[in-house]
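**Q** give the three-dimensional model of this entry:
(chains A and B)
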Amino acid sequence: MSKLQPFRLLLFALLAAFTSVLVSLLSGSVELSFDDLIAYAVGDIPALQRQVLEEIRFPRTLAAFVTGAALALAGVLMQVLLRNPLADPYILGLSGGAAVGALASIMLGLGGWWLSGTAFVGALVSVGVVFGIASRSGRWSTTHLLLTGVVVSAGWGALINLMLSTSASASVQGMLFWLMGDLSQSRVGLLQVGILITGAALALRAARSLNVLVRGDLVAASLGVHVNGLRLSLFFGASLLTVIAVTTAGSVGFVGLVVPHMLRLTGARDHRLLIPFSLIAGGTFLVVADTLARTLLAPQQLPVGVITALIGVPSFIVILRNAASK
Amino acid sequence: MTSLLTADNLLLRAGHRTLCSGLSLKVEQGQCWGLLGKNGAGKTSLLHTLAGLRKPAEGTVLLGETPLAALRPAQIAEKIGLLLQESVDALPSTVLETALLGRHPHTKGRLFDNAEDLAIAYEALSNLGIESLAPRTVHSLSGGERQRLALAMLLAQKPRLLLLDEPSNHLDLGFQTPLINLLLSQANGSQRKTALPSDNVSSGAAVIMATHDINLAARVCDNIVLMIGDGETLVGNALDVLTEDNLGKAYDCPIARVKHEGRTLFYPL
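**A** Numbers count the residues shown, from 1 in each chain, chains lettered A, B, ... in the order given. Okay, the predicted model is just below:
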C-alpha cells in the first residue's frame, strides 16, 4: 500500500463531509442558495435567511455531525473493548438507561433541558451498574462484560415497554421519536464538541495499542500494553461519547455499528486510519440522513434513526458483497 | 556477567493446586531451555510468570538485575517476547499488519511505522517463509501459516528472551528443524545443530520453550524444567533430567529410551 493513498482518501472523505454539510445547510422549508451562504459569510444577508441559518440550520447540522462522529468512534472503541464485530455503542445497555430517563421526562410532561438531563442520569446509572457488576467479579473478560451488558439492556428494555404501554397515547409518539433517534430539537455546545475532540485525540494517540489489544489481552500485555488501564479507558471513553450522542439525539441506531464496519471492509482496518475516518464518515452519514429525514416527506419530519437504517442496510450489503467477492 | 533472567524460589498456584514450589533457575544468553510436563502441569502458567503476565504466589523473577514487578509492561516487552498457544483474530487484519504489531514495544509513542519497522517485519516474514503472504488477510491462512505468522511477529519484536508456548504446533515435520535452528540462531547468532552444554554459551538471546514433544526438547534444549506435578519440579542439564525414570514419573506412564544414529529418542511403552 502506498503511503499516499490514505491521505488521498482522507481528502476525499473531508470533501464528502464538506459537501454533505453544504447540502444540509441549503435544504429545508426556507429556500436558501449558495449565494446566500456567501452573503452570510461577508455579513450581507436578509434577516430571515440569517435567522434560519443561525438558529436552525447551523445548530442542527452541527448536532448531526457531532452525534454521528461520536457514535462511530464509540462503536470502534466498543468493538475493540469487547473484541466483537457485533458490538455497538449501545451494547452495554447505556442507551436503555438513557431511554428510561428520557421517557420518564416525557411521561411527566417535562421537555427541553429535563429530557437530556434525565437521559444523562439514566445513562450514568446504566454505566455504573455494568461497571459495578463487571468489576465485582474481578475479571474484565469480554464475555462477562458482554453478558452483563446484554442482561442490563434487557432489563431496561422491559422498563421501556412498561412505560410505552402505560403512557397516554399523546406522549407515545414523542417517546418513539426519542427511541428511534431524532435531531429536530437537538443542539450541541462547546461541552459536547470538546468531549468529542478530546476523545478523538486520545483515541488516536492510543490507536497503535488498540491494534494490539484487538489480538487479545495476553498478546497486548506481552507487547507492553497496559491492558487493564487501556480497557478501563475504552469503557469510560466509549460510554462518555455515547452519552453525548444519546442526550443530543436519542438512541440513533446503526451508525455506531455499521460505519466502523463499512470502513473496515473497505480497507481501514488499522485504528490509526479507522479512528479519523470513522469520525468523518459517522458525522457525514448522520448529516446526510438528517437532511433526508427532514426533506423526504416535508413538511413532515421523520426520525433520523429510520433513515440511517434505510440507507445503511442496502449500502452495507453492497460493501459486504464486494468485500466477499475480492 | 549477570544472567538474562533469574527465577528465585517461585511458588505458583492455580486454584488450590500447587504447580511448582521453590523453583529457581538462571537463564544465560545463548541457552535453550525446555519446559516439559503433563497437560495442566503448569507449563503455560510458568511461561506467563516468566513473561511478567502473571504474579507468582511467592518468589521473584529478575530481568537482568531488576525484578519484573518493578518494570513497566513496555520495558519488559522490549526484552521478553512471548509466543502464545492461541491467537485471536476477531477483526480483520493482514499478515504484514500482524507482523508489524511485533514492533510495538520499540515505537515509543511514534504513531506511524517507519522504514526500519517495515524492513524488520519483512525480514521476519521471509525468515518464516511467508513473505509472499504479506498482503493476505489473516482469516484466509491455514493453522500452520498462522503459527508461522505468530512466530514472525515474535521475531519482529527482537526480544532478548524468547518464551515459546508449543512452538511446533501445527507445523509440518519438515519445517520443525529449520524453525528450531532459526530460533537458536537468534539465541547465539549462528546456527547449530545439536544442543551444547550450558557452560559453552555465546552472546545473544535465550529461548525457553514449553512443549509436549519430549524428543524435540531432547534434541535442541540444553536445560530442562520438568514439571512432575504436586509442585515438584526438576531443573537441570538436559542429559541429567531426561531419564526414563524422571519422565515416567512426570507423564504417569512408563517411557523408554533408544539411541539411534547419535540421537536419543523417547517413546511411551
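
**Q** so what's A:Val259 up against?
**A** A:Gly68, A:Leu71, A:Ala72, A:Gly75, A:Ser278, A:Ala281, A:Gly282, A:Phe285 (Cβ atoms under 8 Å, 6 or more residues apart in numbering or on different chains). C-beta: built from backbone N, CA, C; applies to glycine.

**Q** neighbour-wise, which one of these leads?
**A** Of all those, A:Leu71 has the most neighbours under the rule other Cβ atoms under 10 Å in any protein chain shown, reaching 36 neighbours.

**Q** which residue ranges of chain B form helices?
**A** In chain B, the segments counted as helices under DSSP state H are B:43-50, B:73-79, B:95-101, B:115-127, B:143-157, B:173-188, B:214-220, B:238-241, B:244-251.

**Q** can I get those in a markdown table including mean neighbour count, mean pLDDT and distance to B:Gly34?
**A** Below are the helices of chain B laid out as a markdown table (neighbours: other Cβ atoms under 10 Å in any protein chain shown; pLDDT from 0 to 100; distance: least, Cβ to Cβ, whole Å):
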| stretch | mean neighbour count | mean pLDDT | distance to B:Gly34 |
| --- | --- | --- | --- |
| helix B:43-50 | 22 | 95 | 10 |
| helix B:73-79 | 20 | 92 | 21 |
| helix B:95-101 | 24 | 93 | 26 |
| helix B:115-127 | 17 | 93 | 22 |
| helix B:143-157 | 23 | 93 | 17 |
| helix B:173-188 | 17 | 78 | 11 |
| helix B:214-220 | 21 | 90 | 3 |
| helix B:238-241 | 17 | 92 | 7 |
| helix B:244-251 | 17 | 93 | 12 |
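
**Q** among the ones you listed, which is nearest chain A?
**A** helix B:73-79 (3.0 Å; Cβ to the nearest Cβ).

**Q** which residues does that closest one contact?
**A** Helix B:73-79 is contacted from outside by A:221-227, B:51-52, B:63, B:68, B:104-106, B:157, B:159-161, using Cβ under 8 Å, 6+ apart.

**Q** give me the distance from it to the chain's centre.
**A** Taking the mean of its C-alpha atoms, helix B:73-79 sits 16 Å from the chain's own mean (Cα atoms, centre = their mean, to the nearest Å).

**Q** got the CA positions of it in CSV?
**A** This file holds the C-alpha atoms of helix B:73-79, laid out as CSV (Å, rounded to 0.1, in the frame of the first residue of the first chain):
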residue,chain,number,x,y,z
PRO,B,73,5.0,-3.7,30.8
ALA,B,74,6.6,-1.7,27.9
GLN,B,75,10.0,-2.1,29.5
ILE,B,76,9.6,-5.9,29.8
ALA,B,77,8.3,-6.1,26.2
GLU,B,78,11.5,-4.6,24.9
LYS,B,79,13.4,-7.6,26.2
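
**Q** other residues contacting stretch B:150-160?
**A** A:223, B:4, B:29, B:77-84, B:87, B:98-106, B:120-121, B:123-125, B:127-128, B:130, B:162, B:164, B:167, B:179, B:186, B:205-206.

**Q** still on that earlier bit, of the contacts of A:Val259, which is the nearest to chain B?
**A** A:Gly75 (12.2 Å).

**Q** packing partners of the one helix or strand that closest one maps to?
**A** Using DSSP states H and E, A:Gly75 maps to helix A:58-81. For helix A:58-81, the elements it packs on are helix A:4-26, helix A:190-205, helix A:207-213, helix A:227-249, helix A:255-265, helix A:271-295, judged by 3 or more Cβ pairs under 8 Å, 6 or more residues apart in numbering or on different chains; DSSP states H and E.

**Q** tell me the mean pLDDT for that helix?
**A** Average pLDDT, helix A:58-81: 95.

**Q** buried set for that helix?
**A** By neighbour count on 16 or more other Cβ atoms under 10 Å in any protein chain shown, the buried set for helix A:58-81 is A:59-81.

**Q** ok and that helix relative to helix A:271-295, angle-wise?
**A** When axes from the mean of the first three to the mean of the last three Cα atoms, to 10 degrees is applied, the directions of helix A:58-81 and helix A:271-295 differ by 140 degrees.

**Q** give me the helices and strands touching the helix or strand following helix A:58-81, please.
**A** Where DSSP H and E defines the elements, the next helix or strand beyond helix A:58-81 is helix A:94-107. Applying 3+ Cβ pairs under 8 Å, 6+ apart, we find helix A:94-107 packed against helix A:113-136, helix A:142-166, helix A:169-180, helix A:227-249.

**Q** contacts for the first one?
**A** This points to helix A:113-136. Outside helix A:113-136, the residues that touch it by Cβ under 8 Å, 6+ apart are A:92-102, A:104-106, A:110, A:140, A:144-145, A:148-149, A:152, A:156, A:178, A:185, A:235-236, A:239, A:242-243, A:246-248, A:250.

**Q** interface residues of the stretch 101-250 of chain B facing chain A?
**A** The stretch 101-250 of chain B comes close to chain A at residues B:Leu101, B:Gly102, B:His104, B:Pro105, B:Thr107, B:Gly109, B:Leu111, B:Phe112, B:Gln157, as judged by Cβ under 8 Å from any Cβ of the partner chain.

**Q** surely the fifth one and A:Arg208 touch.
**A** I take that to be B:Thr107. Yes - between B:Thr107 and A:Arg208 there is a contact at 6.5 Å, judged by Cβ atoms under 8 Å.

**Q** quick one: residues contacting the residue of the stretch 1-150 of chain A found nearest chain B.
**A** Closest contact between the stretch 1-150 of chain A and chain B, by Cβ to the nearest Cβ, is at A:Arg83 (4.7 Å). Neighbouring residues of A:Arg83 by Cβ under 8 Å, 6+ apart: A:Thr142, A:Leu213, A:Val214, A:Gly216, B:Val88, B:Ala90, B:Leu91.

**Q** from those residues, which has minimum pLDDT?
**A** Pick the lowest pLDDT in the contacts of A:Arg83 and you get B:Ala90, at 76.

**Q** torsion angles phi and psi at the nearest residue to that residue once chain neighbours are set aside?
**A** Spatial nearest neighbour of B:Ala90, chain neighbours left out: A:Arg83 (4.7 Å); criterion: Cβ to Cβ, 6 or more residues apart in numbering or on different chains. Dihedral pair for A:Arg83: phi 50, psi 40, per degrees, to the nearest 10.

**Q** on that earlier part again, make JSON lines from the contacts of A:Val259 and add distance to A:Leu265 to it.
**A** As requested, the contacts of A:Val259 are arranged in JSON lines below (distance: Cβ to Cβ, whole Å):
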{"residue": "A:Gly68", "distance to A:Leu265": "19"}
{"residue": "A:Leu71", "distance to A:Leu265": "18"}
{"residue": "A:Ala72", "distance to A:Leu265": "14"}
{"residue": "A:Gly75", "distance to A:Leu265": "14"}
{"residue": "A:Ser278", "distance to A:Leu265": "13"}
{"residue": "A:Ala281", "distance to A:Leu265": "12"}
{"residue": "A:Gly282", "distance to A:Leu265": "15"}
{"residue": "A:Phe285", "distance to A:Leu265": "15"}
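
**Q** give the rounded mean pLDDT of the strand or helix carrying A:Ile307.
**A** Take DSSP H and E as the rule and A:Ile307 turns out to sit in helix A:304-325. The pLDDT scores in helix A:304-325 average 82.

**Q** mind checking if it is in reach of chain B?
**A** No - residues of helix A:304-325 contacting chain B under Cβ under 8 Å from any Cβ: none, with a closest distance of 8.9 Å.

**Q** got a list of contacts for that helix?
**A** A:64, A:179-183, A:249-255, A:258, A:261-262, A:265-266, A:285-286, A:288-290, A:292-293, A:296.

**Q** any idea how far it is from the chain center?
**A** With Cα atoms, centre = their mean, you get 17 Å for helix A:304-325.

**Q** dump that helix to PDB, keeping only the CA atoms.
**A** Taking C-alpha atoms only, helix A:304-325 is exported to PDB below (Å, rounded to 0.1, in the frame of the first residue of the first chain):
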ATOM      1  CA  VAL A 304     -33.400  10.200  11.700                       C
ATOM      2  CA  GLY A 305     -32.900   6.600  13.100                       C
ATOM      3  CA  VAL A 306     -35.300   5.300  10.400                       C
ATOM      4  CA  ILE A 307     -33.300   6.900   7.600                       C
ATOM      5  CA  THR A 308     -29.900   5.700   9.000                       C
ATOM      6  CA  ALA A 309     -31.200   2.100   8.800                       C
ATOM      7  CA  LEU A 310     -33.000   2.600   5.400                       C
ATOM      8  CA  ILE A 311     -29.800   3.900   3.700                       C
ATOM      9  CA  GLY A 312     -27.400   2.000   5.800                       C
ATOM     10  CA  VAL A 313     -28.700  -1.500   5.300                       C
ATOM     11  CA  PRO A 314     -28.500  -1.600   1.400                       C
ATOM     12  CA  SER A 315     -25.200   0.200   1.300                       C
ATOM     13  CA  PHE A 316     -23.700  -2.200   3.900                       C
ATOM     14  CA  ILE A 317     -24.900  -5.200   1.900                       C
ATOM     15  CA  VAL A 318     -23.300  -3.900  -1.200                       C
ATOM     16  CA  ILE A 319     -20.000  -3.300   0.600                       C
ATOM     17  CA  LEU A 320     -20.200  -6.700   2.200                       C
ATOM     18  CA  ARG A 321     -20.800  -8.400  -1.200                       C
ATOM     19  CA  ASN A 322     -17.900  -6.600  -2.800                       C
ATOM     20  CA  ALA A 323     -15.500  -7.500   0.000                       C
ATOM     21  CA  ALA A 324     -16.600 -11.100  -0.100                       C
ATOM     22  CA  SER A 325     -16.000 -11.300  -3.800                       C
END
